[in-house]
Each structure stands twice: as structure tokens, then as C-alpha cells.
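Engineer: curious how this folds, go ahead:
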Amino acid sequence: MKICLPITEDLGLDSPVNKDFDSTELYLICDSTNMEYQIISDCTAANKQHILSLLSMEEEAAIITSSLKAAAHRVLTDRMNIPVFFAMGATCRKNIELINQSKLPEFTADLLLMPKGCGGNCGSCSSTCSSNTPAEDKMVLTV
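Structural biologist: Got it, this is the predicted structure:
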């Protein structure tokens with residue numbers, strides 16, 4: 001399975017997982033069967049879309065992260081059919097071991113990054129939406 005994880009710095013499989021999938025500029029993509037990986041850096045929006053397109057073409061692919069916005073979750077799971085799992089380990093290696101053992105929970109609605117006051121049902125983020133609030137007002141719900 002090809003697995004994509006947002007990372008804070010390039011330490012190979014021992015790279016720390018970035019807490020925010022959307023804002024990271026480094027991603028580690030690993031084949032969980034042989035542990036071969038590549039680091040993708042300097043991610044612009046176009047590069048991120050390219051990464052996701054490549055993942056969606058894989059027979060088995062997944063994303064592991066500890067926070068995700070509702071709109072991103074809908075695009076990944078509903079439109080691109082890429083499952084998203086909740087990161088429970090500090091490093092890529094630990095999270096890949098956990099997913100290989102089927103011990104990572106799938107990302108569910110109660111784990112989504114939601115701005116305060118957002119119902120998360122509009123399907124888009126815009127300047128007119130109530131979810132357009134400063135970053136310090138955002139929170140992550142966890143299990």
C-alpha cells in the first residue's frame with residue numbers, strides 16, 4: 001500500500017508526522033510492503049494535487065494524519081476514494097507499522113478540524129461561510 005504522511009522534517013522513516021496535513025510543505029510517501037519511501041518537498045497547491053492524483057490511481061493507497069479539514073476529508077474519501085487514517089505514532093515508521101497491523105483508526109467526522117461555530121456541512125470554505133474564522137479559533141476534536 002502507498003501511504004502519504006505530512007512531515008515536519010526529513011529524517012527518512014523516522015520523520016516526525018506534521019499535525020496539519022493541509023499546511024505542510026514536506027510529505028513522505030512510503031510503500032508499506034517494502035518500506036521504500038520518497039520525500040516530496042516544496043509542495044505548492046499544484047504539487048499537492050499531483051500527489052493526491054497519483055495516490056488515487058494506486059490500487060491501495062492511504063493518508064495518515066492527525067488533523068484534517070472537513071472539506072479536505074470529503075474530497076479525499078468521497079471524490080478520490082483515498083482512505084484517511086488517524087496518526088497515533090510520532091514518526092512515520094511507527095504509523096506505518098500500526099497501519100500494517102490494522103491498528104490505526106480511520107478518520108471519522110468527530111476527528112475533523114472544525115472552526116468554532118462550523119457545522120461542516122456546506123461542502124466548501126468561503127469568505128461568506130461561518131467557518132471563516134481566525135486560526136486561533138480552530139480546534140481539533142480527538143478521541
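
Engineer: what residues of stretch 25-40 count as buried?
Structural biologist: 26-30, 32, 37, 39-40 (16 or more other Cβ atoms under 10 Å). Just so you know, the C-beta spots here come from the backbone N, C-alpha and C atoms, and that holds for glycine as well.

Engineer: try stretch 57-73
Structural biologist: Counting neighbours by 16+ other Cβ under 10 Å, the buried set in stretch 57-73 is 61-73.

Engineer: ditto for stretch 18-25
Structural biologist: For stretch 18-25, by 16+ other Cβ under 10 Å, it's 18, 20-21, 24.

Engineer: quick one: the strands in this structure, in order.
Structural biologist: 2-7, 26-31, 37-40, 61-65, 84-86, 113-115, 138-140 (DSSP state E).

Engineer: dump those to CSV, plus mean pLDDT and distance to Lys48.
Structural biologist: Listed next are the strands of the chain as CSV, based on pLDDT from 0 to 100; distance: least, Cβ to Cβ, whole Å:
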stretch, mean pLDDT, distance to Lys48
strand 2-7, 94, 10
strand 26-31, 93, 8
strand 37-40, 91, 9
strand 61-65, 94, 11
strand 84-86, 94, 14
strand 113-115, 54, 16
strand 138-140, 37, 20
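
Engineer: could those strands be laid out in a markdown table, adding distance to Leu104?
Structural biologist: Rendered in a markdown table, the data for the strands of the chain read as follows (distance: least, Cβ to Cβ, whole Å):
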| stretch | distance to Leu104 |
| --- | --- |
| strand 2-7 | 10 |
| strand 26-31 | 14 |
| strand 37-40 | 17 |
| strand 61-65 | 7 |
| strand 84-86 | 4 |
| strand 113-115 | 18 |
| strand 138-140 | 17 |
